[in-house]
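Colleague: After the sequence you'll find the predicted model.
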Amino acid sequence: MISLTDFLLVSAVLFCVGLYMIVSKQNAIQILIGIELMLNAAILNLVAFSKYDRFNNGGQMLALFAIVLAAATTAVALAIILNVYKQYKTIDPGKIDKLGD
Amino acid sequence: MMAFIAIASALFVAATKNLVRSVFMFFITLFALAGLYVLALADFVAITQIVIYVGGILVLILFAFMLSGKETLNAIEEQKNKFININKVPAMFLAALFLVVLANMIFKVDADNLVWIKKSAITRNIILPNSSMTENIGINLMTKYLLPFEAISILLMVALVGAAHLSRKGRGV
């Protein structure tokens, strides 16, 4: 049987990989992938704890809601990235240094 | 095994220079995570993960990547080819520090011996491998979690309409 600590450790590693991607990448899409990794780590925690909540399913419910919210945010973020690309012809966040008029 | 696949492909996602390859490795990471959900006895969440993430988000990411044209690829190739260069040392340091803190906290908490988890094990409030949870999830979704369900459906619709509007408006300008 896989213990809860193992799930938490895997989730922590995934979270840190996501954090590293967010801080170090120079491409907005890769930063978005990093954010998705962090979200997935959080969802893994929710699902792992949800095993001990049979009647209410709190963790699995919250995981489902989090997945749907991630879909919504990704759609909006990709639309914003496309707009930024049209404006600046780059999606490197370090090179975007003007606010839109 | 699943955990190894998930972590290894996630590391590859972080390490690779090629954006397309990174996206496809992210695909594998998501599948491995779905496998982990199955191991955590959450079948329904695993299926939802595959349908929404793999079917929706990844296609969306690939689509945006293809729409944003050739120059993104050139911009990526201009970067330095080493995995560890001087720009990334602070990021790696930050991530490693965070990992140490998280692991320390996990071992201190000792999650398998928490009070409420032991209590739920005693009162048989624990999901067994032979119990199917999908009916229970459906019933809960329509009774206890009805208001969040409706709210999130409205929010999803608003977000999709907003995304469509945002990506359409740029073309007119």
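Modeller: The structure has been received and is ready for your questions. Numbering: from 1, shown residues only, chains lettered A, B, ... in the order given.
Colleague: after the helix-or-strand element of chain B with minimal mean pLDDT, next one along is what?
Modeller: Here the helix or strand of chain B ranked lowest by mean pLDDT, DSSP states H and E is helix B:70-78, holding a mean of 57. Going down the chain from helix B:70-78, the next helix or strand is helix B:89-109, by DSSP states H and E.
Colleague: ok, and does that next one reach over to chain A?
Modeller: Yes: applying CB under 8 Å from any CB of the partner chain, one finds helix B:89-109 in contact with chain A at B:90-92, B:94-96, B:98-99, B:102-103, B:106-107. Yep, even glycine has a C-beta here, placed from its N, CA and C like the rest.
Colleague: Let me have the residues you listed in JSON lines, extended by neighbour count and distance to residue A:14.
Modeller: Output for the residues of helix B:89-109 next to chain A, formatted as JSON lines (neighbours: other CB atoms under 10 Å in any protein chain shown; distance: CB to CB, whole Å):
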{"residue": "B:90", "neighbour count": "11", "distance to residue A:14": "21"}
{"residue": "B:91", "neighbour count": "17", "distance to residue A:14": "16"}
{"residue": "B:92", "neighbour count": "16", "distance to residue A:14": "16"}
{"residue": "B:94", "neighbour count": "16", "distance to residue A:14": "16"}
{"residue": "B:95", "neighbour count": "23", "distance to residue A:14": "11"}
{"residue": "B:96", "neighbour count": "13", "distance to residue A:14": "14"}
{"residue": "B:98", "neighbour count": "15", "distance to residue A:14": "12"}
{"residue": "B:99", "neighbour count": "18", "distance to residue A:14": "10"}
{"residue": "B:102", "neighbour count": "18", "distance to residue A:14": "11"}
{"residue": "B:103", "neighbour count": "16", "distance to residue A:14": "13"}
{"residue": "B:106", "neighbour count": "18", "distance to residue A:14": "13"}
{"residue": "B:107", "neighbour count": "12", "distance to residue A:14": "17"}
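Colleague: got those residues as CSV, with distance to residue B:130 and pLDDT columns?
Modeller: Compiled in CSV, the residues of helix B:89-109 next to chain A are given as follows (distance: CB to CB, whole Å; pLDDT from 0 to 100):
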residue, distance to residue B:130, pLDDT
B:90, 49, 82
B:91, 45, 81
B:92, 44, 83
B:94, 44, 87
B:95, 40, 86
B:96, 41, 88
B:98, 38, 89
B:99, 36, 89
B:102, 33, 88
B:103, 33, 87
B:106, 29, 85
B:107, 31, 84
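Colleague: and residue 5, how many neighbours?
Modeller: Going with chain A. Using other CB atoms under 10 Å in any protein chain shown, residue A:5 has 17 neighbouring residues.
Colleague: You answered for a different chain; I wanted chain B.
Modeller: Using other CB under 10 Å as the criterion, the residues surrounding residue B:5 number 16.
Colleague: so which strand or helix has it?
Modeller: For residue B:5, the host element (DSSP H and E) is helix B:2-15.
Colleague: So which elements touch that helix?
Modeller: Packing contacts for helix B:2-15, counted by 3 or more CB pairs under 8 Å, 6 or more residues apart in numbering or on different chains; DSSP states H and E, involve helix A:4-24, helix A:28-50, helix B:19-39.
Colleague: Need phi/psi at residue B:144.
Modeller: phi -80, psi -40 (degrees, to the nearest 10).
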